[in-house]
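Q: just need the structure, nothing else, for what follows:
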Amino acid sequence: MVVVDERTGWVGEVCGREGSYLQLRPLRGGREWDAAPARVRPATPDERLAASVAAANALSRRGRG
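A: Numbers count the residues shown, from 1 in each chain. So this is what the prediction gives:
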């Protein structure tokens, strides 16, 4: 499930749970972060697309795209 962490504004995929927190990871991989379940909501299609494009652009700038 792809969600928005309303505290940070970051879009991530739910990849697990640690205690009372959800563990989220950027769509194209990367470092996980913890988010309070009450502060996440499902990402809109536009938010998912924007996060995917940003991740692809970042990879291409590093020569991995």
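Q: buried residues, the worst-scoring helix or strand of the chain on mean pLDDT. List them.
A: Ranked by mean pLDDT, DSSP states H and E, the weakest helix or strand in the chain is helix 45-61, scoring a mean of 90. Buried residues in helix 45-61, counted by 16 or more other Cβ atoms under 10 Å: Glu47, Arg48, Ala51, Ala55. Glycine gets a C-beta too; all of them are placed from N, C-alpha and C.
Q: elements contacting that helix?
A: strand 2-5, strand 11-18 (3 or more Cβ pairs under 8 Å, 6 or more residues apart in numbering; DSSP states H and E).
Q: can you list the ones you listed in JSON lines and add mean neighbour count and distance to Arg62?
A: Formatted as JSON lines, the helices and strands packed on helix 45-61 follow (neighbours: other Cβ atoms under 10 Å; distance: least, Cβ to Cβ, whole Å):
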{"stretch": "strand 2-5", "mean neighbour count": "20", "distance to Arg62": "23"}
{"stretch": "strand 11-18", "mean neighbour count": "15", "distance to Arg62": "20"}
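Q: contact partners for the nearest residue to Ala35 once chain neighbours are set aside?
A: Spatial nearest neighbour of Ala35, chain neighbours left out: Asp5 (4.4 Å); criterion: Cβ to Cβ, 6 or more residues apart in numbering. Listed by Cβ atoms under 8 Å, 6 or more residues apart in numbering, the contact partners of Asp5 are Val11, Gly12, Leu24, Trp33, Ala35, Arg39, Val40.
Q: make it 10 Å
A: Contact analysis of Asp5 by Cβ atoms under 10 Å, 6 or more residues apart in numbering lists Val11, Gly12, Leu22, Leu24, Trp33, Asp34, Ala35, Ala36, Arg39, Val40, Arg41, Ala43.
Q: likewise for Leu22?
A: By Cβ under 10 Å, 6+ apart, the neighbours of Leu22 are 1, 3, 5, 12, 14-16, 32-37, 39-40.
Q: retrieve the pLDDT associated with it.
A: Note on Leu22: pLDDT of 98.
Q: in terms of helices and strands, where is it?
A: Following DSSP states H and E, one finds Leu22 within strand 21-25.
Q: appreciated, that's everything.
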